[in-house]
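Peer 1: sequence isn't available, so here's the structure alone:
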C-alpha cells in the first residue's frame, strides 16, 4: 500500500476538543495504542457533530457513518498527556465527504497525528447510502450556503 501524506489547510478546522490520555488507553509501555487513538478520534468526531446539532440517527432514520479511516501517526503519545483535537470538514459532495483531524500536544503544540475519516449519509430504514439533506450540509459546511 502506498503512503499518502495527509496535508490539510488550517482554515478547514472549525472545532476543538481537549482530551487527556487515560491509563486504559495505553499499552504496557504507557503509549497510546492504535485502537485507543482511533477511539479518541471517533469521540472527537462525535463531539464535533453534537456541537453542530447533528444527531447520530435523525428522525428520518438517517445518519453519517464512517466507511474509511486514514491515519498518520507522527509521534508517540504517552499516558496522561492532554491532546488537542482540531476537527474540520473538506468540501462535501452529494452523499458524503471527509472529516479531517489534527491531534497536537497541548503543552508543546507538536503534531502527533493526523486523520481523515470518509463518511457517507446512510439510511438505516432503507439500508443504503443516500443524499445528505441540506440542513446537515449547512451544519457541516456552512461556507456553501453563505453569499
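Peer 2: All right, it came through fine. Being a predicted model, the structure only gives us computed values, none of them experimental. Residues are numbered from 1 along each chain as shown.

Peer 1: hey, let's count contacts and neighbours off CA atoms from now on
Peer 2: Noted.

Peer 1: contact partners of the strand or helix carrying residue 103?
Peer 2: Using DSSP states H and E, residue 103 sits in strand 96-105. Applying C-alpha atoms under 8 Å, 6 or more residues apart in numbering, the contact partners of strand 96-105 are 8, 13, 41, 45, 81-92, 110-121, 131-132.

Peer 1: just those: which are in helices?
Peer 2: 41, 45 (DSSP state H).

Peer 1: drop anything exposed from the contacts of strand 96-105.
Peer 2: 8, 13, 41, 45, 82-90, 92, 111-121, 132 (16 or more other C-alpha atoms under 10 Å).

Peer 1: before we move on, back to that, just the contacts of strand 96-105: which are in strands?
Peer 2: Residues of the contacts of strand 96-105 located in strands (DSSP state E): 13, 82-89, 111-121.

Peer 1: I figured residue 136 was touching residue 55, is that so?
Peer 2: No: here residue 136 does not reach residue 55: they are 9.6 Å apart, not a contact under C-alpha atoms under 8 Å.

Peer 1: that concludes my questions; thank you for your assistance.
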